[in-house]
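Asks: sequence isn't available, so here's the structure alone:
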């Protein structure tokens, strides 16, 4: 990996692999304990629970990537003063890298919970260590050699589904296409099975899965830890988008016991944004994945328990607190609950849409989807900021982007800076008052798209294989149908003044249950607004908990 001159581990090597002074190591001693290792002994093994951070006090440690097919690639030899760790060390998730004693080694082992305490108590050192952990994960993501291997056609909907799940969760992975790689053909021959079993997924610990669900893959990779049903959290946050993660950061940093649940990935819709340019403090813009990844790491740093994927399916009151049931069969208890489940993109009313979803019809535009349509024409439906960001991003890869909108004027629904950028792109054409009328193809492969202009009634057909839909959103509130939480006519969660002038802001119809972000009725659908509500609700939670403590 480090032989590639474009690798971030080369360009930012001093930050990725800092050397701690003897004085700095002394400051860390009370966070861990010293252990000794013989030559050839593993300090950490890929696919097994990460022991935390290992600070080399004497000797040398070889770090290498180890993929699910048994291939090893040397990353670095850690000398005295260096440390072996990456982001999985914060949560105790399975390690992505092998760490092996090259010589007799003495190392200070700092377990995950103490590593999180170190980050808070030793601010300057913690900043350097956190930066190194993030850069190391970015280096692993560049190659994907430290995660699972997905074997299947790159354009298969199930391959894309699993790859997108891993990408959205910041987890390294590889895709081996039998049509491109000989090793993939050999694997398919060795593990022969029905076509419905594809793709095959090989996990770092040695397991093989046949076309798994996201939950099955997450369990195989050790991404989800069981929730202790006896533990009473101060607050459970349902949804890990901007609003939910902001709540987790502020609540955990203020000493509250925090649980975060999300059904698929951190970041929500914001995490899929190609570039956010109107968020305060980022004048050159930032990708949604980068912004949300930082928030996710920040929440972990302060000790929030994050369980992804783990979908909340029911909420109820019992014995003076709240119970959350999850799709994984877990049961979580909390004194307060924050609903931050956001919204999901609407589907077009086209009869055969489901035949192409996941492989040719997409609801976000990430690097994964952009790679599929490089040099091709694409159609994008929508007129909001998400559609504008997606169109600009895809224009850098696609031959032509047809932006279809039902309205007449893009400026009525999209920020001016995006309208200007779209106007400046020669390969983006905006078609007003236009809707897709048909998708045509064979065997689940999209070949042509037809659209109709509502004013002229003229139809156009183009050889398009990929369609992107940003058609507005509906609230993710189906899971609340038995909870008694008050919803508006569009099924967004009602809060605050909706129940009277004296009703606490952001609190729902149920005392102790709050709603923030896009799922809340009347909310401003912007990342900054969601983050602001995430911070604001923590003050409301403190007030509520103080009230019930006084009444106890």
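Replies: Perfect, I can see it now. What you see is a predicted model; the values in this text were computed from it and never measured. Residues are numbered from 1 along each chain as shown.

Asks: residues in contact with residue 304?
Replies: 248, 249, 251, 252, 258, 259, 260 (CB atoms under 8 Å, 6 or more residues apart in numbering). All C-beta spots, glycine's among them, are computed from the backbone N, C-alpha and C.

Asks: wait, which of those is closest to residue 65?
Replies: Of all the contacts of residue 304, residue 260 has the smallest distance to residue 65: 29.0 Å, by CB to CB.

Asks: what helices or strands is the lengthiest helix in the chain leaning on?
Replies: Looking across the chain with DSSP state H, the single longest helix is helix 527-551. Other elements packing on helix 527-551 under the criterion 3 or more CB pairs under 8 Å, 6 or more residues apart in numbering; DSSP states H and E are strand 232-238, helix 242-253, strand 331-339, strand 513-515.

Asks: deepest of the ones you listed, which one?
Replies: A comparison of the helices and strands packed on helix 527-551 by mean neighbour count, using mean count of other CB atoms under 10 Å, puts strand 513-515 on top with a mean of 30.

Asks: what's the mean pLDDT across it?
Replies: Mean per-residue pLDDT for strand 513-515: 98.

Asks: next: stretch 29-43.
Replies: The average pLDDT within stretch 29-43 is 97.

Asks: which other residues reach that stretch?
Replies: So stretch 29-43 is in contact with 51-55, 57, 59, 61, 84, 98-111, 114-115, 117-118, going by CB under 8 Å, 6+ apart.

Asks: quick one: residues contacting residue 137.
Replies: 86, 87, 96, 170, 172.

Asks: the same query, at a cut-off of 7 Å, please.
Replies: Listed by CB atoms under 7 Å, 6 or more residues apart in numbering, the contact set of residue 137 reads 86, 87, 170.

Asks: what's the answer for residue 104, then?
Replies: 38, 39, 59.

Asks: if we can go back for a sec, can you add distance to residue 391 and give the helices and strands packed on helix 527-551 back as JSON lines?
Replies: Formatted as JSON lines, the helices and strands packed on helix 527-551 follow (distance: least, CB to CB, whole Å):
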{"stretch": "strand 232-238", "distance to residue 391": "31"}
{"stretch": "helix 242-253", "distance to residue 391": "22"}
{"stretch": "strand 331-339", "distance to residue 391": "31"}
{"stretch": "strand 513-515", "distance to residue 391": "31"}
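
Asks: which SS class is the residue in the chain sticking out farthest from the centre?
Replies: Largest separation from the mean C-alpha position in the chain: residue 456, at 42.7 Å (CA atoms, centre = their mean). Classification of residue 456 using DSSP: H, G, I helix; E, B strand; the rest coil returns coil.

Asks: if the residue nearest to residue 197 when sequence neighbours are not counted is in a bridge, with which residues?
Replies: With CB to CB, 6 or more residues apart in numbering as the criterion, residue 197 has its nearest non-adjacent residue at 4.0 Å, and that residue is residue 210. Counting by DSSP bridges, residue 210 is bridged to residue 200.

Asks: ranges for the strands of the stretch 401-550 of the chain?
Replies: Along the stretch 401-550 of the chain, counting by DSSP state E, counting those that start in this stretch, strands occupy 428-431, 434-442, 445-453, 459-462, 466-469, 473-475, 513-515.

Asks: closest one to residue 398 among those?
Replies: Across the strands of the stretch 401-550 of the chain, closest to residue 398 is strand 466-469 (CB to CB), at 8.3 Å.

Asks: the closest one - contacts with which helices or strands?
Replies: strand 361-362, strand 377-381 (3 or more CB pairs under 7 Å, 6 or more residues apart in numbering; DSSP states H and E).

Asks: tell me, how many residues neighbour residue 43?
Replies: 22 (other CB atoms under 10 Å).

Asks: that one sits in which helix or strand?
Replies: strand 42-44 (DSSP states H and E).

Asks: partners of that strand, with directions?
Replies: As assigned by DSSP bridges, strand 42-44 forms pairs with strand 97-101 (antiparallel).

Asks: next helix or strand past the partner strand?
Replies: Beyond strand 97-101 toward the C-terminal end (DSSP H and E), the next one is strand 105-110.

Asks: what are the buried residues along that next one?
Replies: Residues of strand 105-110 classed as buried by neighbour count (16 or more other CB atoms under 10 Å): 105, 107, 108, 109, 110.

Asks: so in that sheet, which strands flank that strand, and in what orientation?
Replies: strand 33-37 (antiparallel), strand 53-58 (antiparallel).

Asks: out of these, which is closest to residue 302?
Replies: Of all these, strand 53-58 comes closest under CB to CB, at 16.9 Å.

Asks: so how far is that closest one off the chain centroid?
Replies: Here strand 53-58 is found 31 Å from its chain centre; the criterion is CA atoms, centre = their mean, to the nearest Å.

Asks: contacting residues around it?
Replies: 20, 25, 28, 34, 43-44, 78-85, 89, 99, 105-110, 115.

Asks: need the pLDDT of the residue farthest from the centre of the chain.
Replies: 92.

Asks: list the contacts for it?
Replies: No residues are in contact with residue 456 under the rule CB under 7 Å, 6+ apart.

Asks: quick one: it from residue 171, how far?
Replies: As for residue 456, its distance to residue 171 is 48 Å (criterion: CB to CB, to the nearest Å).

Asks: what sits against residue 134?
Replies: 87, 297 are the contacts of residue 134 under CB under 7 Å, 6+ apart.

Asks: now find how far off-centre the host helix or strand of it is within its chain.
Replies: Element membership for residue 134 (DSSP H and E) is helix 123-143. Here helix 123-143 is found 17 Å from its chain centre; the criterion is CA atoms, centre = their mean.

Asks: what is the mean pLDDT for it?
Replies: pLDDT averaged over helix 123-143 gives 94.

Asks: now the angle from that helix to strand 53-58?
Replies: Orientation check (axes from the mean of the first three to the mean of the last three CA atoms, to 10 degrees): helix 123-143 against strand 53-58 gives 100 degrees.

Asks: what mean pLDDT does the helix or strand that helix 123-143 is followed by get?
Replies: Later in the chain than helix 123-143, the nearest helix or strand by DSSP H and E is strand 149-151. In this model, strand 149-151 has a mean pLDDT of 94.

Asks: what sits up against strand 149-151?
Replies: With contact meaning CB under 7 Å, 6+ apart, strand 149-151 is reached by 67-69, 159, 162-163, 173-176, 184, 187-188, 199-202.

Asks: sort out for me which of these are in helices.
Replies: 159, 162, 163, 184, 187, 188.

Asks: which of these lies closest to residue 478?
Replies: residue 162 (24.3 Å).

Asks: from what I can see the closest one touches residue 217, true?
Replies: Yes. Under the criterion of CB atoms under 7 Å, residue 162 makes contact with residue 217 at 6.2 Å.

Asks: what residues do the two have in common as contacts?
Replies: Common neighbours of residue 162 and residue 217 (CB under 7 Å, 6+ apart) are residue 201.

Asks: looking at these two, which is more packed in?
Replies: Relative neighbour count places residue 162 above the other of residue 162 and residue 217, with 25 against 22, counting by other CB under 10 Å.

Asks: right, and residue 480 touches residue 313 too?
Replies: No. At 10.0 Å, residue 480 does not count as touching residue 313 under the criterion of CB under 7 Å.

Asks: neighbour count for those two, which is higher?
Replies: residue 480 (25 against 13).

Asks: any idea how far that one lies from residue 551?
Replies: Applying CB to CB to residue 480 and residue 551 gives a distance of 26 Å.

Asks: beta partners of residue 323?
Replies: residue 316, residue 333.

Asks: for it, give its distance to residue 334.
Replies: In terms of CB to CB, residue 323 sits 8 Å off from residue 334.

Asks: before we move on, the earlier item: which among the ones in helices among the contacts of strand 149-151 gets closest to residue 413?
Replies: residue 163 (31.3 Å).

Asks: tally of neighbours for that closest one?
Replies: 22.

Asks: surely it meets residue 175?
Replies: Yes. When contacts are counted by CB under 7 Å, residue 163 is listed as touching residue 175 (5.9 Å).

Asks: rewinding a little: how about the strands paired with strand 105-110 in a markdown table, adding distance to residue 393?
Replies: Shown next, in a markdown table, are the strands paired with strand 105-110 (distance: least, CB to CB, whole Å):
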| stretch | distance to residue 393 |
| --- | --- |
| strand 33-37 | 47 |
| strand 53-58 | 36 |
